[in-house]
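In: Just a sequence and a predicted model for now, questions to come.
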Amino acid sequence: MSETCKSCRKKFDSGIWISPKFKDEKTPLFCSQKCKKEYIKIKLKRIRVNYPKFYNKIAKSLKRY
């Protein structure tokens, strides 16, 4: 079964996925670790612009890891 990467839109047969946080949320699929990191970077940038207080909480939690 062929899937499409969320970042680069390339078709692939097996790859990396992020588990959904909610029941109705779809599972993002990625063809490589590079595409996964790029997707997360874009999402964090959107959160930083739209929700700066929430971004600060996320940034603090990411520094622990």
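Out: Cool, got the structure. Numbering: from 1, shown residues only.
In: where along this structure do the helices fall?
Out: Assigned by DSSP state H, the chain shows helices spanning 33-50, 52-63.
In: Just send those helices back as TSV, with mean neighbour count and distance to residue 14 too.
Out: C-beta coordinates here come from the backbone N, C-alpha and C atoms, glycine included. Below are those laid out as TSV (neighbours: other C-beta atoms under 10 Å; distance: least, C-beta to C-beta, whole Å):
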stretch	mean neighbour count	distance to residue 14
helix 33-50	13	13
helix 52-63	10	28
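In: Export those helices to JSON lines and append columns for distance to residue 3 and mean pLDDT.
Out: As requested, these are exported to JSON lines (distance: least, C-beta to C-beta, whole Å; pLDDT from 0 to 100):
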{"stretch": "helix 33-50", "distance to residue 3": "12", "mean pLDDT": "87"}
{"stretch": "helix 52-63", "distance to residue 3": "27", "mean pLDDT": "80"}
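In: Mind putting these into JSON lines with distance to residue 13?
Out: As requested, the helices of the chain are exported to JSON lines (distance: least, C-beta to C-beta, whole Å):
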{"stretch": "helix 33-50", "distance to residue 13": "15"}
{"stretch": "helix 52-63", "distance to residue 13": "31"}
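In: wait, which of those helices is closest to residue 8?
Out: helix 33-50 (5.5 Å; C-beta to C-beta).
In: Can you check what angle separates the closest one from helix 52-63?
Out: 140 degrees (axes from the mean of the first three to the mean of the last three C-alpha atoms, to 10 degrees).
In: what about the residue nearest to residue 28 when sequence neighbours are not counted, neighbour count?
Out: Among residues not flanking residue 28 along the chain, residue 6 sits closest, at 4.6 Å (C-beta to C-beta, 6 or more residues apart in numbering). Residues near residue 6, counting by other C-beta atoms under 10 Å, number 20.
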